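A.B. asks: Generate a structure from the sequence data that follows.
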Amino acid sequence: MTLKQTIDIIELLDDASVSGDKVKAFLEARGAKHVNVQKVSGAKGSTDFIEVVIPGRGGKLLGGKAPTLGIIGRLGGIGARPERIGLVSDADGAVAALSAALKLIDMQGKGDVLAGDVIVTTHICPNAPTRPHDPVPFMDSPVDILTMNQHEVREDMDAILSIDTTKGNRVFNFRGIAISPTVKEGYILRFSDDLVSILEMSTGTVANTFAITTQDITPYGNNVYHINSILQPSVATKAPVVGVAITAQTPVPGCATGASHEVDIALAAKFSIEVAKAYGEKQCSFYDEQEFQRLVSLYGPMNHLQTLGTQGS
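C.D. replies: Residues are numbered from 1 along each chain as shown. Below you'll find the model as predicted:
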């Protein structure tokens with residue numbers, strides 16, 4: 001279960017003075033040994049990027065060959081101070097990712113070590129700006145998406161789960177979590193049957209999934225509509241990426257406080273951990289490699305969608 005770890009992380013992050021160093025100290029006190037923090041400044045302030053590596057018994061960190069799962073908590077900021085007091089809805093991605101990291105650290109302390117390494121990345125900013133968005137306002141960020149991807153998407157991530165609050169829309173009409181199709185190098189591939197099965201076992205219900213559009217897998221900055229940043233990691237990697245959306249029945253602004261639901265965040269963390277278990281054992285596939293190569297041979301590469309295109313031409 002991940003609810004205890006989720007509550008611990010919420011209590012840690014719901015602090016006007018929280019920082020990456022405070023999160024690092026907390027995780028290290030619980031047994032983490034590979035935590036890195038880097039403060040990065042942008043046009044609208046600064047944020048602390050944090051990376052937590054949980055080594056697997058057969059993972060690359062120890063010289064093994066087991067595949068590495070990346071878990072990225074996507075968000076603009078965990079708080080919108082001084083405009084809003086408290087943890088904002090947008091923080092859910094960071095909370096879920098760090099809750100998964102904390103649970104994996106606790107598991108290792110009890111002797112349960114996964115086969116592959118798990119790399120968890122996100123950023124800590126308790127005073128991020130906001131920005132207009134239809135139908136409800138979004139959280140903005142002190143740094144741009146390119147900078148986020150540079151610090152959160154790692155080359156040694158063989159597959160990525162990108163967790164993001166996805167409540168500022170009218171696409172979803174249920175509360176909980178949902179997964180996207182797999183995105184790889186500009187292609188939107190079919191849903192992974194393995195991930196759907198793990199989602200159903202983790203939640204105890206039929207899998208909730210969500211459709212995405214071509215716009216959603218292009219980089220921010222091209223002036224087209226994106227549902228949010230959930231699939232922005234896909235523009236910066238060749239690895240397959242699946243979005244894990246934390247959802248609501250009605251549109252909720254990313255800057256809303258009192259809008260986070262601990263049980264839903266814990267579900268996202270638990271799902272991510274179960275994927276990590278199976279992926280490291282090579283018992284879970286994000287996509288069909290032969291079918292992907294067939295698509296490329298028939299229609300060519302689509303990685304131009306990972307760029308800003310031919311703007312101004």
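A.B. asks: gap between the helix or strand bottoming out on mean pLDDT in the chain and the chain center?
C.D. replies: Within the chain, no helix or strand scores below strand 138-139, which has a mean of 78 by mean pLDDT, DSSP states H and E. Centroid separation between strand 138-139 and its chain, computed with CA atoms, centre = their mean, to the nearest Å, is 16 Å.
A.B. asks: Can you tell me the number of residues neighbouring S272?
C.D. replies: Neighbour count of S272, defined by other CB atoms under 10 Å: 29. C-beta: built from backbone N, CA, C; applies to glycine.
A.B. asks: Find me the pLDDT at it, would you?
C.D. replies: What the model reports as pLDDT for S272 is 98.
A.B. asks: and it, what does it touch?
C.D. replies: Listed by CB atoms under 8 Å, 6 or more residues apart in numbering, the contact partners of S272 are 71, 96-97, 100, 161, 163, 244.
A.B. asks: That one falls within a helix, correct?
C.D. replies: Yes - checked against DSSP: H, G, I helix; E, B strand; the rest coil, S272 lies within a helix.
A.B. asks: For it, which non-adjacent residue is spatially closest?
C.D. replies: Spatial nearest neighbour of S272, excluding adjacent residues (CB to CB, 6 or more residues apart in numbering): A100 at 4.6 Å.
A.B. asks: So which elements touch the host helix or strand of that neighbour?
C.D. replies: Element membership of A100 [criterion: DSSP states H and E] is helix 92-109. Counting contacts by 3 or more CB pairs under 8 Å, 6 or more residues apart in numbering; DSSP states H and E, helix 92-109 packs against helix 3-13, helix 20-29, strand 45-54, strand 69-74, strand 118-124, strand 159-165, strand 241-247, helix 262-280.
A.B. asks: right, and the ones you listed - which one's nearest S202?
C.D. replies: S202 lies closest, by CB to CB, to one member of the helices and strands packed on helix 92-109: helix 262-280, at 4.4 Å.
A.B. asks: Name the surrounding residues that touch the helix or strand just after the closest one.
C.D. replies: Using DSSP H and E, the next helix or strand after helix 262-280 towards the C-terminus is helix 289-299. For helix 289-299, contacts defined as CB under 8 Å, 6+ apart pick out 184, 187, 189.
A.B. asks: Take these and write them to a markdown table, including secondary structure.
C.D. replies: Formatted as a markdown table, those follow (three-state DSSP):
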| residue | secondary structure |
| --- | --- |
| K184 | strand |
| Y187 | strand |
| L189 | coil |
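A.B. asks: Now do the contacts for the residue nearest to S272.
C.D. replies: A100 touches 2, 5, 71, 118, 120, 268-270, 272-273, 276, counting by CB under 8 Å, 6+ apart.
A.B. asks: pLDDT-wise, what's the bottom of the residues you listed?
C.D. replies: Note: of the contacts of A100, the lowest pLDDT belongs to T2, at 94.
A.B. asks: Wait, it touches E262, no?
C.D. replies: No - in this structure, T2 is not within contact of E262 by CB atoms under 8 Å, at 10.0 Å.
A.B. asks: Comparing the two, which residue is more hemmed in?
C.D. replies: Taking other CB under 10 Å, T2 and E262 do not tie; T2 has more neighbours (26 against 16).
A.B. asks: In contact with that one: list those residues for me.
C.D. replies: By CB under 8 Å, 6+ apart, T2 lies in contact with 99-100, 103, 266, 269-270, 273.
A.B. asks: and the gap between it and I265?
C.D. replies: According to CB to CB, to the nearest Å, T2 stands 9 Å off from I265.
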